[in-house]
Every structure is written in C-alpha cells, then in structure tokens.
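Student: Pasting a predicted model and its sequence here:
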Amino acid sequence: MPKVTITSATLNIREQPSAASKAIGQYEQGEVVTVQARVDGKYLRSGLHWLLTDQGWIAEKYTQPVYGGPDVVFTPAMHAPGSDWMWQNPDLQAMLRQVNLPIKFLSIGFNGDYWAAFNKPTFHLVRIYWPSDKTKWSPLEVWEYAKAGVLRFYSLGARKFELLNEPNLQQEGLGYSWKNGDEFGRWLAEFAGIVRQNCPDAQLYYPGLSPGVPWTNQFAFTDAAWPHVQAMMYGICQHAYSGTTNNAAVAAADVVTQVREFQKRYALERPLIISECSVNRAASAAYKAQVYRRVEQELATIPGVEALVYFISHWEAPPAQAAHQEAWLG
C-alpha cells in the first residue's frame, strides 16, 4: 500500500475524515505511515487529502507514488457473449478467431465448453456470474449457484476471477443483497473467503463498477467497500467508457484519463484490468477501431495495467443497446 511522510510538526489523527471529528492521537513530523484509503475534502487547502491510516484519519499532503505491484504485461482482450447460447453462432466464432484476442469468460452455463478452443496463454479472466433477481442473496447462496461453473473453469486452468459485476446497480444486487458500499464490502469479503476456500490458487479481482455520470460517481461506493476487501484482492477491475462519437483522440483521452485516475486511487499496489471498455454510443466501426487503437497504445505504457477488455457482449442486443451499436454482430 502507498506510504506518506508526515510533514506537519504534529498532526491530529481523527475518528472520521472531518475536522469536526474527535482527535484520537497524533503523528509527529517525519513519521512514515501507510495509506489505506483516500477521500478528498472540499474544504481542505490545495494539496491536502483525507488519508486513512491504521490508526485513523489524517489531513496530509499526498503525492502518489509509482506502481509497486506485481509485474504484468498489457494485453487487449474481448468480452465473451452475455448469454452462453450465443457461442453456438458460427459467425461469432469466426469473428473471435479472426480477431484472435484473449477472452474474458463468464462462469455460467456451457461457457467452459469453449475454453480449450478460445483461451489464450497470454491472458484470461473469468467473471463469476449470478442472476441477481432483485431478491436478497447471501454470499453462500451466490456461491452455491455459481460454484459448478467456477470450479469447472478452475479445473481447466483458470486462475483469474472477477468477483461479480457492477454491484452499485440495482440489477446487480444494490438495495437487495447490500444497501451501500460498506455493506457490499462486508458481503464481498465473506464471498471472497468462500471462493478462496474452494479455489486456493485463484487470483481474485474486485469487480468493475458502473462508472455513473460523471464517471467518478463510482468512487463513493468503492471507497466504502474497499477497506473490507483490499487485503484479499490480487487485483481490481474497472469499467471505462466514452460517449464521444466525433473525435477519436478526445474519446481515447477520456478513457485513458479515467484509467490513470482510477489506478492512482486504488491500484498502485495491484494489477488493474479494464474489464469493460467501449465507445458506448452509435459510431462507425472504423471510428471505434481508431479509438481502441489509441487507447491500447496509451495503456500499454502504464505499468500495472494488465488488460483492456472490449465490451461487445451483445450479439442480439436489446433495442436500447442495439441503438448504441455496441454489438459486433446481430
């Protein structure tokens, strides 16, 4: 985890990230402390942030260090179909063979049937899938649903698992299995423990969130969840999109900025996978290809960014998504 050196002569440690919160101790100038989380405070002077240490919250200068996690080699990849029956589409299989990129699989159904044919040695990711149906699911209930698919992929050699998907959305559990980021973090810690018991060599990745508008909306949810699970996560996933359809350079810069800022906040000590990425509004295939190529070139230069997964999972998309032309087929 990142570290900072205390620059003030003495610095109060507080219970909460607020100057009105009770002081529970002090750090002395020159002490080096480990930062577990960061929250920007609007009233703070320029250059100061609320930082969570093992003793409490402090307001201190924070210059982000460089990436210090495991070495990774950047890889572009493709998202598997949203529904496993789509694998039976010969046009889909032909397209995947032509593109010849690694695949992000879903754990459900017979996705595992296509591991041997489409997995690449350079990279893989399996998203643990559950059919959130706006009812309350416990971590054990989700595992009981997902375990057959997860264990099959694990037996086939998969080791990288993304734990669920966009948990800050109602259709993915918010308001039913958890009410906020803090509850999700506690829920996910229990779920990750179950996965670890059954797949001891798995590398677990915190799930990508729906970015929201603006894209930084996701931070409030993850800031609350992350302290509960960060010690259990090998890596973290991010979803990054651009709606710019008339300037490839601007669209690519939008995505790259999101990645850089996200990495600074959460992923300087662990690999970062952009597990969904696209121009998510209608534009020509040629334009999108320009954007994706620019994004690839930039992300390949950022240490710690492990993969960029193109989100094109709907080959027979529902009308609202079809209008955005995210699908490559259908």
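Tutor: Received, thanks. Residues are numbered from 1 along each chain as shown.

Student: so who does the closest residue to residue 187 other than its chain neighbours touch?
Tutor: Among residues not flanking residue 187 along the chain, residue 178 sits closest, at 5.0 Å (Cβ to Cβ, 6 or more residues apart in numbering). To be clear about C-beta, it is placed using only N, CA and C from the backbone, and glycine gets the same treatment. Residues near residue 178 by Cβ atoms under 8 Å, 6 or more residues apart in numbering: 167, 184, 186-187.

Student: Residue nearest the middle of this structure, spatially speaking?
Tutor: Nearest residue to the geometric centre of the chain (Cα atoms, centre = their mean): residue 237, 1.9 Å.

Student: tell me the contacts of it?
Tutor: Contacts for residue 237 (Cβ under 8 Å, 6+ apart) come out as 162, 205-208, 272-275.

Student: can we see that at 7 Å?
Tutor: When contacts are counted by Cβ atoms under 7 Å, 6 or more residues apart in numbering, residue 237 is found next to 162, 205-208, 273, 275.

Student: With residue 99 instead?
Tutor: Counting by Cβ under 7 Å, 6+ apart, residue 99 touches residue 78.

Student: distance of it from residue 110?
Tutor: According to Cβ to Cβ, to the nearest Å, residue 99 stands 21 Å off from residue 110.

Student: Next: residue 214.
Tutor: 39 Å.

Student: which intervals of the stretch 101-250 of the chain have sub-threshold pLDDT?
Tutor: Of all residues in the stretch 101-250 of the chain, none has pLDDT under 70.

Student: so what's residue 277 closest to, chain neighbours aside?
Tutor: residue 240 (5.1 Å).

Student: bridging residues for the nearest residue to residue 7 once chain neighbours are set aside?
Tutor: Computed as Cβ to Cβ, 6+ apart, the closest residue to residue 7 that is not its neighbour in sequence is residue 61, at 5.8 Å. Taking DSSP bridges as the rule, residue 61 bridges to residue 48.

Student: my guess is residue 61 meets residue 50, correct?
Tutor: No - in this structure residue 61 lies outside contact range of residue 50 using Cβ atoms under 7 Å: 11.9 Å.

Student: which stretches of this protein form helices?
Tutor: Along the chain, counting by DSSP state H, helices occupy 90-99, 115-118, 139-156, 181-198, 218-229, 248-266, 285-299, 319-324.

Student: what about the ones you listed, which gets the closest to residue 131?
Tutor: helix 139-156 (7.4 Å; Cβ to Cβ).

Student: Contacts only, for residue 283.
Tutor: With Cβ under 7 Å, 6+ apart, residue 283 has these contacts: 245, 325.

Student: Let me fix that, I meant to ask about residue 300.
Tutor: For residue 300, the contact set (Cβ under 7 Å, 6+ apart) comprises residue 74.
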